[in-house]
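K.L.:
Structure for this input, please:
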Amino acid sequence: MAPHLEETWMDRKTVVITGASDGIGAAAARELAEHGHEVAVVGRSREKTEAVAAEVGGTPFVADFARLTEVRALAHALGAQYPRIDVLANNAGGVLGTRRLTEDGFEATFQVNHLAGYLLTRLLLPTLTASRASVVQTSSLASRVMARYDPDDLQLERGYSERRAYGNA
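P.N.:
Residues are numbered from 1 along each chain as shown. Below you'll find the predicted structure:
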């Protein structure tokens, strides 16, 4: 007889999902919680993040990835809350519209969709390594359809479009 597919307490994982206050991230949080996993719900909007966390019985963490100081604070808070993280799902991102630089000096779409998740992963690396964690990076087909990547113009100072910025990031 095949083993039962439901998770047991020994299979319970701690999963951190960024961009979990809406869309794919919220759907993933719901699905993972339904299977008994502990979910850290990370989002930019306090109201939406707390609502999803309450719905799934998870813990809310609020951070705006357009501010790397908030990403650093998030990493600190996650590290303090979770001595073990089994999965980090870097899902935060979106199409941000017109070109603007963040307070950190980076083009906003590039920072939010790429740099912030990279920084969070690097800051959590000791915990992730000790936990033998998986890191999942959400992406889309936009990189194949919309990107015109120029390593000499990461900030898209030349030829900016929101589609190109999203595809490149």
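K.L.:
For the protein, name the helix or strand with the lowest mean pLDDT.
P.N.:
Here the helix or strand of the chain ranked lowest by mean pLDDT, DSSP states H and E is helix 142-145, holding a mean of 78.
K.L.:
which other residues reach that one?
P.N.:
Residues from elsewhere that reach helix 142-145 (Cβ atoms under 8 Å, 6 or more residues apart in numbering): 163, 166-168. Backbone N, C-alpha and C define where each C-beta goes, glycine included.
K.L.:
In JSON lines, list those along with pLDDT, secondary structure and distance to D104.
P.N.:
Formatted as JSON lines, these follow (pLDDT from 0 to 100; DSSP: H, G, I helix; E, B strand; the rest coil; distance: Cβ to Cβ, whole Å):
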{"residue": "R163", "pLDDT": "88", "secondary structure": "helix", "distance to D104": "23"}
{"residue": "Y166", "pLDDT": "82", "secondary structure": "helix", "distance to D104": "19"}
{"residue": "G167", "pLDDT": "86", "secondary structure": "helix", "distance to D104": "22"}
{"residue": "N168", "pLDDT": "82", "secondary structure": "helix", "distance to D104": "18"}
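K.L.:
Under the pLDDT cut-off, which ranges of this protein? List them.
P.N.:
By pLDDT under 70, the weakly predicted segments of the chain are 1-10.
K.L.:
Mind doing that once more with 50?
P.N.:
The model of the chain has pLDDT under 50 over residues 1-9.
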